[in-house]
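Enquirer: Provide a 3D model corresponding to the input given below.
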Amino acid sequence: MSQKVHLIAIGGSIMHNLALELKDQGYLVSGSDDQIYEPARTRLESAGILPNSIGWRPEVLSLEIDIVILGMHAKKDNPELIKAQELGLKIYSFPEFVASKSLLKKRISIAGSHGKTTTCSMVMHTLKNLGLDFDYLVGAQIEGFNHMVSLKDAPIIVIESDEYLSSCIDPRPKFLHYIPDIAIITGIAWDHFNVFPTLESYENAFVSLIQSMHSQSILIYFEGDQSLVRLVKEHGAHLKTIPYKEAPSKMVNGNSILLSEGKEYPTNLFGSHNYQNMQAVIELCKCLGLEKELVIQQLSEFKGSSKRMELLAKGPTKIAYLDFAHSPSKVKATLSAFREKHPLDKILVLLELHTYSSLSLEFLPQYHQTTSPADHIILYFDPIAMQIKNMVALKSDDLMSAFDRYDMDICTSTEQLKGKLSSRIEDYNVLIFMGSGQFGGIDVKAYAKKLGASLSAKIYFGILWINCEVYSSFGFCII
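Expert: Next up, the predicted model:
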(Lines give C-alpha, C1' and ligand atoms only; values in the text may rest on other atoms or scores of the structure.)
Protein backbone atom coordinates (compact mmCIF):
# COMPACT_ATOMS: atom_id res chain seq x y z
CA MET A 1 0.00 0.00 0.00
CA SER A 2 1.32 3.42 -0.95
CA GLN A 3 2.44 5.66 1.89
CA LYS A 4 0.57 8.90 2.51
CA VAL A 5 2.76 11.99 2.75
CA HIS A 6 1.60 15.48 3.70
CA LEU A 7 3.83 18.49 3.04
CA ILE A 8 3.29 21.55 5.22
CA ALA A 9 4.33 24.58 3.10
CA ILE A 10 4.18 22.65 -0.18
CA GLY A 11 4.53 25.81 -2.29
CA GLY A 12 8.24 26.37 -1.61
CA SER A 13 10.82 25.94 -4.33
CA ILE A 14 12.35 22.75 -2.91
CA MET A 15 9.15 21.55 -1.25
CA HIS A 16 7.01 21.51 -4.38
CA ASN A 17 9.79 19.73 -6.28
CA LEU A 18 9.97 17.16 -3.49
CA ALA A 19 6.19 16.73 -3.72
CA LEU A 20 6.42 16.14 -7.47
CA GLU A 21 9.19 13.58 -7.01
CA LEU A 22 7.26 11.69 -4.34
CA LYS A 23 4.15 11.67 -6.52
CA ASP A 24 6.20 10.19 -9.37
CA GLN A 25 7.43 7.48 -7.00
CA GLY A 26 3.89 6.42 -6.12
CA TYR A 27 3.38 8.13 -2.79
CA LEU A 28 -0.07 9.55 -2.03
CA VAL A 29 0.81 13.22 -1.72
CA SER A 30 -1.13 16.07 -0.14
CA GLY A 31 -0.04 19.48 1.04
CA SER A 32 -0.94 22.98 2.05
CA ASP A 33 0.40 26.51 2.08
CA ASP A 34 -0.77 30.06 2.67
CA GLN A 35 0.81 31.22 -0.59
CA ILE A 36 1.70 29.33 -3.78
CA TYR A 37 3.31 31.26 -6.63
CA GLU A 38 4.26 30.27 -10.16
CA PRO A 39 5.73 28.03 -11.36
CA ALA A 40 4.87 25.88 -8.30
CA ARG A 41 1.12 26.42 -8.72
CA THR A 42 0.97 25.19 -12.32
CA ARG A 43 3.36 22.30 -11.71
CA LEU A 44 1.44 21.06 -8.66
CA GLU A 45 -1.87 21.45 -10.49
CA SER A 46 -0.59 19.46 -13.48
CA ALA A 47 0.44 16.65 -11.13
CA GLY A 48 -2.97 16.68 -9.43
CA ILE A 49 -1.62 17.67 -6.01
CA LEU A 50 -2.38 21.39 -5.83
CA PRO A 51 -4.24 22.06 -2.55
CA ASN A 52 -7.98 22.68 -3.02
CA SER A 53 -7.67 25.96 -1.14
CA ILE A 54 -4.96 28.30 0.09
CA GLY A 55 -4.32 28.29 3.81
CA TRP A 56 -3.64 25.91 6.66
CA ARG A 57 -6.13 23.05 7.09
CA PRO A 58 -5.49 21.02 10.25
CA GLU A 59 -8.59 18.95 9.51
CA VAL A 60 -6.74 17.13 6.71
CA LEU A 61 -4.30 15.65 9.25
CA SER A 62 -5.27 12.23 10.57
CA LEU A 63 -3.71 8.97 11.72
CA GLU A 64 -3.87 7.81 8.09
CA ILE A 65 -0.93 10.12 7.28
CA ASP A 66 2.31 8.14 7.38
CA ILE A 67 4.76 11.04 7.03
CA VAL A 68 4.60 14.81 7.49
CA ILE A 69 7.34 16.89 5.87
CA LEU A 70 7.75 20.37 7.34
CA GLY A 71 8.89 23.21 5.09
CA MET A 72 10.85 26.28 6.23
CA HIS A 73 7.89 28.61 5.62
CA ALA A 74 5.91 27.01 8.46
CA LYS A 75 6.20 28.51 11.95
CA LYS A 76 5.96 26.84 15.35
CA ASP A 77 2.35 27.97 15.78
CA ASN A 78 1.28 26.50 12.43
CA PRO A 79 -2.09 24.80 13.08
CA GLU A 80 -1.23 21.80 10.90
CA LEU A 81 2.08 21.29 12.69
CA ILE A 82 0.32 21.48 16.05
CA LYS A 83 -2.27 18.94 14.88
CA ALA A 84 0.44 16.58 13.60
CA GLN A 85 2.25 16.82 16.93
CA GLU A 86 -0.97 16.12 18.86
CA LEU A 87 -1.61 13.02 16.72
CA GLY A 88 1.96 11.81 17.21
CA LEU A 89 2.64 11.65 13.47
CA LYS A 90 6.18 11.20 12.15
CA ILE A 91 7.41 14.71 11.27
CA TYR A 92 10.50 15.33 9.13
CA SER A 93 12.16 18.52 8.00
CA PHE A 94 12.96 18.23 4.29
CA PRO A 95 16.73 17.76 4.91
CA GLU A 96 15.95 15.11 7.50
CA PHE A 97 13.69 13.31 5.03
CA VAL A 98 16.30 13.48 2.26
CA ALA A 99 18.90 12.11 4.68
CA SER A 100 16.58 9.21 5.62
CA LYS A 101 16.42 8.25 1.93
CA SER A 102 20.20 8.47 1.49
CA LEU A 103 21.59 6.22 4.21
CA LEU A 104 22.84 3.52 1.82
CA LYS A 105 24.15 5.91 -0.85
CA LYS A 106 27.54 7.55 -1.35
CA ARG A 107 26.66 11.07 -0.17
CA ILE A 108 28.28 14.05 -1.91
CA SER A 109 27.62 17.35 -0.15
CA ILE A 110 28.17 20.76 -1.78
CA ALA A 111 28.38 23.44 0.94
CA GLY A 112 29.63 26.99 1.34
CA SER A 113 28.33 30.54 1.58
CA HIS A 114 28.33 30.99 -2.18
CA GLY A 115 28.55 28.91 -5.33
CA LYS A 116 26.62 25.92 -3.99
CA THR A 117 23.94 25.83 -6.67
CA THR A 118 26.34 26.39 -9.57
CA THR A 119 28.85 23.83 -8.30
CA CYS A 120 26.12 21.28 -7.62
CA SER A 121 24.68 21.89 -11.09
CA MET A 122 28.11 21.40 -12.68
CA VAL A 123 28.50 18.09 -10.84
CA MET A 124 25.05 16.90 -11.94
CA HIS A 125 25.64 17.92 -15.56
CA THR A 126 29.01 16.15 -15.63
CA LEU A 127 27.90 12.93 -13.96
CA LYS A 128 24.78 12.64 -16.11
CA ASN A 129 26.64 13.11 -19.38
CA LEU A 130 29.35 10.66 -18.33
CA GLY A 131 26.72 8.01 -17.64
CA LEU A 132 26.73 7.80 -13.84
CA ASP A 133 23.52 6.94 -11.99
CA PHE A 134 22.82 9.34 -9.11
CA ASP A 135 20.10 11.07 -7.11
CA TYR A 136 20.24 14.75 -6.21
CA LEU A 137 18.93 17.78 -4.36
CA VAL A 138 19.73 21.17 -5.93
CA GLY A 139 18.43 24.71 -5.44
CA ALA A 140 17.64 25.61 -9.04
CA GLN A 141 16.01 24.08 -12.09
CA ILE A 142 18.75 22.52 -14.23
CA GLU A 143 18.47 21.83 -17.94
CA GLY A 144 18.01 18.10 -18.54
CA PHE A 145 16.49 17.37 -15.12
CA ASN A 146 12.73 17.24 -14.53
CA HIS A 147 12.79 18.16 -10.85
CA MET A 148 15.17 19.76 -8.37
CA VAL A 149 14.96 16.58 -6.26
CA SER A 150 15.51 12.92 -7.12
CA LEU A 151 15.28 10.21 -4.44
CA LYS A 152 15.23 6.91 -6.29
CA ASP A 153 17.58 3.94 -5.93
CA ALA A 154 20.82 5.38 -7.31
CA PRO A 155 24.07 4.48 -5.50
CA ILE A 156 25.17 8.16 -5.30
CA ILE A 157 23.38 11.31 -4.18
CA VAL A 158 24.59 14.86 -4.85
CA ILE A 159 23.19 17.32 -2.31
CA GLU A 160 23.30 21.10 -2.30
CA SER A 161 23.83 21.52 1.43
CA ASP A 162 22.58 24.67 3.11
CA GLU A 163 23.76 25.99 6.47
CA TYR A 164 20.36 27.51 7.32
CA LEU A 165 18.26 25.93 10.07
CA SER A 166 16.34 22.77 9.17
CA SER A 167 12.86 23.80 10.30
CA CYS A 168 11.03 25.79 12.96
CA ILE A 169 11.31 22.82 15.32
CA ASP A 170 14.82 21.73 14.32
CA PRO A 171 17.43 24.52 14.61
CA ARG A 172 20.30 22.41 13.32
CA PRO A 173 21.91 23.56 10.05
CA LYS A 174 20.46 21.53 7.19
CA PHE A 175 23.82 20.12 6.15
CA LEU A 176 24.32 18.35 9.48
CA HIS A 177 21.71 15.77 8.47
CA TYR A 178 23.66 14.44 5.48
CA ILE A 179 26.96 13.11 6.96
CA PRO A 180 28.76 13.22 3.58
CA ASP A 181 31.30 10.75 2.31
CA ILE A 182 32.68 13.55 0.12
CA ALA A 183 32.11 17.24 0.83
CA ILE A 184 33.00 20.41 -1.02
CA ILE A 185 33.14 23.70 0.88
CA THR A 186 33.43 26.62 -1.54
CA GLY A 187 34.11 29.33 1.04
CA ILE A 188 32.74 31.03 4.12
CA ALA A 189 31.29 34.56 4.24
CA TRP A 190 28.93 35.59 7.02
CA ASP A 191 25.24 35.29 6.11
CA HIS A 192 21.82 34.50 7.67
CA PHE A 193 22.13 37.16 10.36
CA ASN A 194 18.79 36.16 11.91
CA VAL A 195 20.12 32.67 12.67
CA PHE A 196 23.84 33.45 13.11
CA PRO A 197 24.10 36.86 14.82
CA THR A 198 27.92 36.79 14.84
CA LEU A 199 30.59 35.69 12.40
CA GLU A 200 31.84 33.20 15.02
CA SER A 201 28.41 31.55 15.29
CA TYR A 202 28.25 31.32 11.49
CA GLU A 203 31.70 29.74 11.23
CA ASN A 204 30.79 27.29 14.01
CA ALA A 205 28.10 25.84 11.74
CA PHE A 206 30.83 24.83 9.28
CA VAL A 207 32.96 23.52 12.13
CA SER A 208 30.04 21.25 13.00
CA LEU A 209 29.83 20.08 9.39
CA ILE A 210 33.53 19.20 9.32
CA GLN A 211 33.32 17.41 12.66
CA SER A 212 30.22 15.47 11.57
CA MET A 213 32.10 13.70 8.79
CA HIS A 214 33.38 10.17 9.42
CA SER A 215 37.08 9.42 9.63
CA GLN A 216 38.81 9.33 6.22
CA SER A 217 35.87 10.92 4.46
CA ILE A 218 37.01 13.41 1.81
CA LEU A 219 36.82 17.19 2.24
CA ILE A 220 37.52 19.34 -0.82
CA TYR A 221 37.92 23.01 0.11
CA PHE A 222 38.91 26.33 -1.47
CA GLU A 223 42.38 27.23 -0.26
CA GLY A 224 41.97 30.91 -1.15
CA ASP A 225 39.63 31.41 1.82
CA GLN A 226 41.88 31.86 4.85
CA SER A 227 39.04 31.45 7.36
CA LEU A 228 38.08 28.15 5.76
CA VAL A 229 41.71 27.00 5.68
CA ARG A 230 41.96 27.73 9.40
CA LEU A 231 38.81 25.78 10.22
CA VAL A 232 39.93 22.76 8.17
CA LYS A 233 43.35 22.79 9.84
CA GLU A 234 41.85 23.03 13.32
CA HIS A 235 38.97 20.57 12.93
CA GLY A 236 39.61 18.35 9.90
CA ALA A 237 42.58 16.22 10.97
CA HIS A 238 40.41 13.08 10.83
CA LEU A 239 39.60 13.66 7.14
CA LYS A 240 41.33 13.26 3.82
CA THR A 241 41.55 16.91 2.76
CA ILE A 242 42.03 18.23 -0.78
CA PRO A 243 42.60 21.97 -1.24
CA TYR A 244 41.85 23.55 -4.60
CA LYS A 245 42.53 26.82 -6.39
CA GLU A 246 40.98 28.47 -9.41
CA ALA A 247 41.08 26.42 -12.62
CA PRO A 248 43.40 28.01 -15.22
CA SER A 249 41.55 30.20 -17.70
CA LYS A 250 41.77 33.27 -19.88
CA MET A 251 39.42 35.83 -21.40
CA VAL A 252 39.70 36.56 -25.13
CA ASN A 253 37.47 39.25 -26.64
CA GLY A 254 34.90 38.79 -23.91
CA ASN A 255 34.90 34.99 -24.28
CA SER A 256 36.00 32.71 -21.43
CA ILE A 257 38.37 29.82 -22.09
CA LEU A 258 39.24 26.99 -19.72
CA LEU A 259 42.84 25.81 -20.00
CA SER A 260 44.09 22.29 -19.32
CA GLU A 261 47.36 20.59 -20.28
CA GLY A 262 47.98 22.76 -23.32
CA LYS A 263 44.39 22.58 -24.58
CA GLU A 264 41.78 25.34 -24.71
CA TYR A 265 38.09 24.76 -23.93
CA PRO A 266 35.68 27.66 -24.63
CA THR A 267 33.12 27.90 -21.82
CA ASN A 268 29.73 29.49 -21.26
CA LEU A 269 30.56 30.73 -17.76
CA PHE A 270 32.87 33.54 -16.73
CA GLY A 271 34.38 35.00 -13.57
CA SER A 272 37.06 33.75 -11.18
CA HIS A 273 34.48 32.30 -8.77
CA ASN A 274 33.10 30.06 -11.52
CA TYR A 275 36.59 28.78 -12.32
CA GLN A 276 37.01 28.04 -8.63
CA ASN A 277 33.77 26.05 -8.81
CA MET A 278 35.02 24.17 -11.87
CA GLN A 279 38.23 23.16 -10.11
CA ALA A 280 36.21 21.86 -7.16
CA VAL A 281 34.22 19.69 -9.57
CA ILE A 282 37.41 18.43 -11.23
CA GLU A 283 38.79 17.39 -7.82
CA LEU A 284 35.51 15.68 -6.90
CA CYS A 285 35.39 13.76 -10.16
CA LYS A 286 38.98 12.57 -9.61
CA CYS A 287 37.77 11.06 -6.34
CA LEU A 288 35.04 9.27 -8.29
CA GLY A 289 37.60 7.85 -10.72
CA LEU A 290 36.54 9.89 -13.75
CA GLU A 291 38.99 10.90 -16.46
CA LYS A 292 40.01 14.56 -16.15
CA GLU A 293 39.80 15.41 -19.86
CA LEU A 294 36.26 14.02 -20.09
CA VAL A 295 35.25 16.05 -17.03
CA ILE A 296 36.72 19.26 -18.44
CA GLN A 297 34.95 18.71 -21.74
CA GLN A 298 31.63 18.46 -19.88
CA LEU A 299 32.38 21.57 -17.83
CA SER A 300 33.11 23.51 -21.00
CA GLU A 301 29.66 22.60 -22.31
CA PHE A 302 27.78 23.46 -19.11
CA LYS A 303 25.32 26.27 -19.81
CA GLY A 304 24.70 27.41 -16.25
CA SER A 305 21.85 27.33 -13.74
CA SER A 306 18.59 29.21 -13.80
CA LYS A 307 19.02 32.74 -12.41
CA ARG A 308 22.78 32.35 -11.99
CA MET A 309 24.48 34.92 -14.25
CA GLU A 310 21.81 34.00 -16.76
CA LEU A 311 21.60 35.77 -20.11
CA LEU A 312 18.09 37.22 -20.21
CA ALA A 313 18.08 39.40 -23.31
CA LYS A 314 20.49 40.69 -25.94
CA GLY A 315 20.60 43.32 -28.67
CA PRO A 316 23.22 44.83 -30.99
CA THR A 317 24.72 47.07 -28.30
CA LYS A 318 22.86 46.13 -25.12
CA ILE A 319 22.65 43.03 -22.95
CA ALA A 320 20.69 42.03 -19.82
CA TYR A 321 21.39 39.36 -17.21
CA LEU A 322 19.56 37.82 -14.28
CA ASP A 323 21.35 36.67 -11.14
CA PHE A 324 20.17 35.29 -7.80
CA ALA A 325 22.96 37.02 -5.84
CA HIS A 326 21.77 38.77 -2.71
CA SER A 327 24.33 38.23 0.06
CA PRO A 328 27.41 40.50 0.17
CA SER A 329 29.91 37.86 -0.96
CA LYS A 330 27.67 36.82 -3.86
CA VAL A 331 27.08 40.41 -4.98
CA LYS A 332 30.79 41.18 -4.92
CA ALA A 333 31.86 38.02 -6.77
CA THR A 334 29.13 38.30 -9.40
CA LEU A 335 29.68 41.98 -10.20
CA SER A 336 33.43 41.45 -10.37
CA ALA A 337 32.83 38.71 -12.93
CA PHE A 338 30.54 40.91 -15.00
CA ARG A 339 33.11 43.70 -14.97
CA GLU A 340 35.76 41.25 -16.15
CA LYS A 341 33.54 40.20 -19.05
CA HIS A 342 32.45 43.75 -19.89
CA PRO A 343 35.52 45.86 -19.03
CA LEU A 344 34.58 48.89 -21.15
CA ASP A 345 30.79 48.84 -20.88
CA LYS A 346 28.61 50.90 -18.57
CA ILE A 347 26.87 48.58 -16.12
CA LEU A 348 23.52 49.31 -14.47
CA VAL A 349 22.43 47.04 -11.59
CA LEU A 350 18.98 46.65 -10.08
CA LEU A 351 19.59 45.02 -6.70
CA GLU A 352 16.80 43.87 -4.41
CA LEU A 353 17.34 43.53 -0.67
CA HIS A 354 15.00 40.72 0.32
CA THR A 355 16.51 38.38 2.92
CA TYR A 356 16.41 39.01 6.66
CA SER A 357 20.16 39.63 6.68
CA SER A 358 20.15 42.11 3.81
CA LEU A 359 17.35 44.10 5.44
CA SER A 360 19.02 44.22 8.85
CA LEU A 361 20.59 47.54 9.85
CA GLU A 362 23.29 45.70 11.83
CA PHE A 363 24.23 43.50 8.87
CA LEU A 364 24.15 46.13 6.11
CA PRO A 365 27.82 47.24 6.56
CA GLN A 366 28.81 43.83 5.12
CA TYR A 367 27.82 45.30 1.72
CA HIS A 368 30.53 47.98 1.92
CA GLN A 369 31.96 48.50 -1.59
CA THR A 370 30.54 45.20 -2.88
CA THR A 371 28.90 47.03 -5.80
CA SER A 372 31.96 49.05 -6.84
CA PRO A 373 32.34 47.23 -10.22
CA ALA A 374 28.98 48.67 -11.34
CA ASP A 375 28.55 52.17 -12.75
CA HIS A 376 25.16 52.73 -11.16
CA ILE A 377 22.89 50.96 -8.66
CA ILE A 378 19.11 50.99 -8.36
CA LEU A 379 18.37 49.53 -4.93
CA TYR A 380 14.92 48.12 -4.13
CA PHE A 381 13.30 46.81 -0.98
CA ASP A 382 9.70 46.27 0.04
CA PRO A 383 8.69 48.11 3.24
CA ILE A 384 5.72 45.76 3.65
CA ALA A 385 8.05 42.77 3.80
CA MET A 386 10.01 44.54 6.52
CA GLN A 387 6.82 45.15 8.51
CA ILE A 388 5.91 41.47 8.24
CA LYS A 389 9.37 40.57 9.55
CA ASN A 390 9.05 43.17 12.36
CA MET A 391 12.21 44.90 11.22
CA VAL A 392 13.34 48.48 11.79
CA ALA A 393 12.68 50.73 8.79
CA LEU A 394 15.70 51.49 6.63
CA LYS A 395 16.67 55.06 5.81
CA SER A 396 18.31 56.17 2.58
CA ASP A 397 21.31 57.58 4.44
CA ASP A 398 21.87 54.24 6.19
CA LEU A 399 21.79 52.35 2.90
CA MET A 400 24.10 54.73 1.08
CA SER A 401 26.58 54.72 3.93
CA ALA A 402 26.54 50.92 4.23
CA PHE A 403 27.13 50.40 0.51
CA ASP A 404 29.45 53.41 0.24
CA ARG A 405 27.34 54.48 -2.76
CA TYR A 406 25.91 57.96 -2.34
CA ASP A 407 24.65 58.10 -5.92
CA MET A 408 22.27 55.13 -5.59
CA ASP A 409 18.61 55.31 -6.56
CA ILE A 410 16.56 53.80 -3.73
CA CYS A 411 13.09 52.49 -4.59
CA THR A 412 10.37 51.06 -2.37
CA SER A 413 7.62 50.37 -4.93
CA THR A 414 7.19 48.77 -8.33
CA GLU A 415 6.19 52.08 -9.88
CA GLN A 416 9.39 53.70 -8.65
CA LEU A 417 11.37 50.84 -10.19
CA LYS A 418 9.70 51.34 -13.56
CA GLY A 419 10.35 55.05 -13.45
CA LYS A 420 14.02 54.73 -12.53
CA LEU A 421 14.65 52.06 -15.16
CA SER A 422 12.98 54.19 -17.82
CA SER A 423 15.05 57.22 -16.92
CA ARG A 424 18.39 55.44 -16.45
CA ILE A 425 18.57 52.55 -18.87
CA GLU A 426 19.33 54.45 -22.08
CA ASP A 427 22.78 55.43 -20.81
CA TYR A 428 23.98 51.88 -20.06
CA ASN A 429 25.14 48.90 -22.13
CA VAL A 430 24.75 46.16 -19.52
CA LEU A 431 21.73 45.69 -17.27
CA ILE A 432 21.92 43.22 -14.37
CA PHE A 433 18.98 42.21 -12.19
CA MET A 434 20.11 40.79 -8.84
CA GLY A 435 18.16 39.39 -5.92
CA SER A 436 16.09 36.53 -4.58
CA GLY A 437 12.76 38.34 -4.18
CA GLN A 438 9.78 39.17 -6.36
CA PHE A 439 10.39 42.88 -7.12
CA GLY A 440 6.93 43.94 -6.06
CA GLY A 441 5.15 40.89 -7.46
CA ILE A 442 5.38 41.87 -11.12
CA ASP A 443 3.49 39.39 -13.32
CA VAL A 444 6.02 37.91 -15.72
CA LYS A 445 3.46 36.56 -18.21
CA ALA A 446 1.58 39.86 -18.35
CA TYR A 447 4.77 41.81 -18.96
CA ALA A 448 5.87 39.34 -21.63
CA LYS A 449 2.58 39.93 -23.45
CA LYS A 450 3.01 43.69 -23.21
CA LEU A 451 6.43 43.33 -24.76
CA GLY A 452 5.02 41.27 -27.61
CA ALA A 453 7.19 38.33 -26.63
CA SER A 454 6.04 34.76 -27.05
CA LEU A 455 5.12 33.06 -23.80
CA SER A 456 7.43 30.25 -24.84
CA ALA A 457 10.37 32.66 -24.89
CA LYS A 458 13.23 32.09 -22.51
CA ILE A 459 11.95 34.16 -19.59
CA TYR A 460 12.09 32.60 -16.16
CA PHE A 461 9.18 32.89 -13.77
CA GLY A 462 9.38 34.89 -10.58
CA ILE A 463 11.00 38.12 -11.70
CA LEU A 464 10.77 40.42 -14.69
CA TRP A 465 11.70 44.01 -14.40
CA ILE A 466 11.27 45.53 -17.85
CA ASN A 467 8.31 47.71 -18.79
CA CYS A 468 7.29 48.77 -22.30
CA GLU A 469 9.23 52.03 -22.20
CA VAL A 470 12.37 50.25 -20.99
CA TYR A 471 12.13 47.61 -23.70
CA SER A 472 11.84 50.26 -26.36
CA SER A 473 14.79 52.30 -25.18
CA PHE A 474 17.08 49.39 -24.33
CA GLY A 475 16.69 47.86 -27.76
CA PHE A 476 17.04 44.15 -27.10
CA CYS A 477 14.98 41.09 -27.85
CA ILE A 478 13.82 38.53 -25.34
CA ILE A 479 15.53 35.20 -26.08
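Enquirer: Give me the distance between the two termini of stretch 379-395.
Expert: The first and last residues of stretch 379-395 sit 12 Å apart, counting by C-alpha to C-alpha, to the nearest Å.
Enquirer: Can you give me the buried ones in it?
Expert: 379-382, 385-386, 394 (16 or more other C-beta atoms under 10 Å). C-beta: built from backbone N, CA, C; applies to glycine.
Enquirer: Could you list which of these belong to strands?
Expert: 379-380 (DSSP state E).
Enquirer: Dump the buried residues of stretch 379-395 to JSON lines, plus pLDDT and distance to residue 251.
Expert: Shown next, in JSON lines, are the buried residues of stretch 379-395 (pLDDT from 0 to 100; distance: C-beta to C-beta, whole Å):
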{"residue": "379", "pLDDT": "88", "distance to residue 251": "29"}
{"residue": "380", "pLDDT": "87", "distance to residue 251": "31"}
{"residue": "381", "pLDDT": "85", "distance to residue 251": "34"}
{"residue": "382", "pLDDT": "83", "distance to residue 251": "37"}
{"residue": "385", "pLDDT": "71", "distance to residue 251": "38"}
{"residue": "386", "pLDDT": "76", "distance to residue 251": "40"}
{"residue": "394", "pLDDT": "83", "distance to residue 251": "37"}
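Enquirer: For residue 351, see how far away the residue lying closest to residue 341 once chain neighbours are set aside is.
Expert: Among residues not flanking residue 341 along the chain, residue 270 sits closest, at 4.8 Å (C-beta to C-beta, 6 or more residues apart in numbering). Using C-beta to C-beta, to the nearest Å, residue 270 is found at 20 Å from residue 351.
Enquirer: For residue 284, see how far away residue 194 is.
Expert: According to C-beta to C-beta, residue 194 and residue 284 sit 32 Å apart.
Enquirer: now swap in residue 140 and tell me
Expert: To residue 284, residue 140 is 19 Å away according to C-beta to C-beta.
Enquirer: If you count surrounding residues, which of those two has more?
Expert: Between residue 140 and residue 284, counted using other C-beta atoms under 10 Å, the more crowded position is residue 284 (26 against 21).
Enquirer: looking at it, that one is touching residue 220, isn't it?
Expert: Yes - between residue 284 and residue 220 there is a contact under C-beta atoms under 8 Å: 6.0 Å.
Enquirer: what touches both of those two?
Expert: By C-beta atoms under 8 Å, 6 or more residues apart in numbering, residue 284 and residue 220 have these common neighbours: 182, 184.
Enquirer: Show me what the longest helix anywhere in the chain is packed up against.
Expert: Scanning the chain for the helix with the most residues, using DSSP state H, yields helix 272-287. Helix 272-287 sits against helix 116-129, strand 182-185, strand 218-222, strand 240-244, helix 292-301, helix 328-341, with contacts defined as 3 or more C-beta pairs under 8 Å, 6 or more residues apart in numbering; DSSP states H and E.
Enquirer: got CSV for these, with distance to residue 415 too?
Expert: Below are those laid out as CSV (distance: least, C-beta to C-beta, whole Å):
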stretch, distance to residue 415
helix 116-129, 32
strand 182-185, 43
strand 218-222, 42
strand 240-244, 47
helix 292-301, 42
helix 328-341, 25
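Enquirer: Return the most buried member of the ones you listed.
Expert: Comparing the helices and strands packed on helix 272-287 by mean neighbour count (mean count of other C-beta atoms under 10 Å), strand 182-185 ranks first with a mean of 26.
Enquirer: Pull up the pairing partners for it, direction included.
Expert: Sheet pairing here is set by DSSP bridges, and for strand 182-185 it gives strand 106-111 (parallel), strand 218-222 (parallel).
Enquirer: Report the buried residues of the next helix or strand after it.
Expert: The element immediately downstream of strand 182-185 (helix or strand, assigned by DSSP states H and E) is helix 199-212. Buried residues in helix 199-212, counting neighbours by 16+ other C-beta under 10 Å, are found at 202-203, 205-206, 209-210, 212.
Enquirer: Compare residue 270 and residue 351 and say which is more crowded by neighbours.
Expert: A count of neighbours by other C-beta under 10 Å puts residue 351 above the other of residue 270 and residue 351, at 26 against 20.
Enquirer: what sits against the nearest residue to the more buried one once chain neighbours are set aside?
Expert: Nearest non-adjacent residue to residue 351, counting by C-beta to C-beta, 6+ apart: residue 434, 4.7 Å away. Counting by C-beta under 8 Å, 6+ apart, residue 434 touches 323-326, 331, 334, 349-352.
Enquirer: Now do the contacts for residue 148.
Expert: Taking C-beta under 8 Å, 6+ apart as the test, what residue 148 contacts is 13-14, 17, 137-142.
Enquirer: of those, closest to residue 87?
Expert: residue 14 (25.0 Å; C-beta to C-beta).
Enquirer: what helices or strands is the strand or helix carrying that closest one leaning on?
Expert: In the assignment (DSSP H and E), residue 14 maps to helix 13-24. Applying 3+ C-beta pairs under 8 Å, 6+ apart, one finds that helix 13-24 contacts strand 4-8, strand 28-32, helix 40-46, helix 94-100, strand 149-150.
Enquirer: packing partners for the last one?
Expert: Contacting strand 149-150 under the criterion 3+ C-beta pairs under 8 Å, 6+ apart are the following elements: helix 13-24, strand 134-137.
Enquirer: Point out the most buried one among these.
Expert: Highest mean neighbour count among those (mean count of other C-beta under 10 Å): strand 134-137, with a mean of 24.
Enquirer: Listing partners with orientation, what would you give for it?
Expert: Using DSSP bridges, strand 134-137 pairs in its sheet with strand 149-150 (antiparallel), strand 156-160 (parallel).
Enquirer: average pLDDT for it?
Expert: Per-residue pLDDT over strand 134-137 has a mean of 96.
Enquirer: care to break this structure down by domain?
Expert: Following automatic domain parsing, one gets these domains for the chain: 4-89, 97-301, 310-478.
Enquirer: What about residue 77, how many residues nearby?
Expert: Look at residue 77: counted by other C-beta under 10 Å, it has 8 neighbours.
Enquirer: what does the one 4 residues further on give?
Expert: Burial of residue 81, expressed as a neighbour count using other C-beta under 10 Å, amounts to 24.
Enquirer: same deal with residue 74?
Expert: 24.
Enquirer: try the one 5 residues further on
Expert: Burial measure for residue 79: 16 neighbouring residues, criterion other C-beta under 10 Å.
Enquirer: Tell me how far the closest residue to it other than its chain neighbours lies from residue 181.
Expert: Once flanking residues are discounted, residue 79 sits nearest to residue 58: 4.4 Å by C-beta to C-beta, 6+ apart. Distance of residue 58 to residue 181, computed by C-beta to C-beta: 40 Å.
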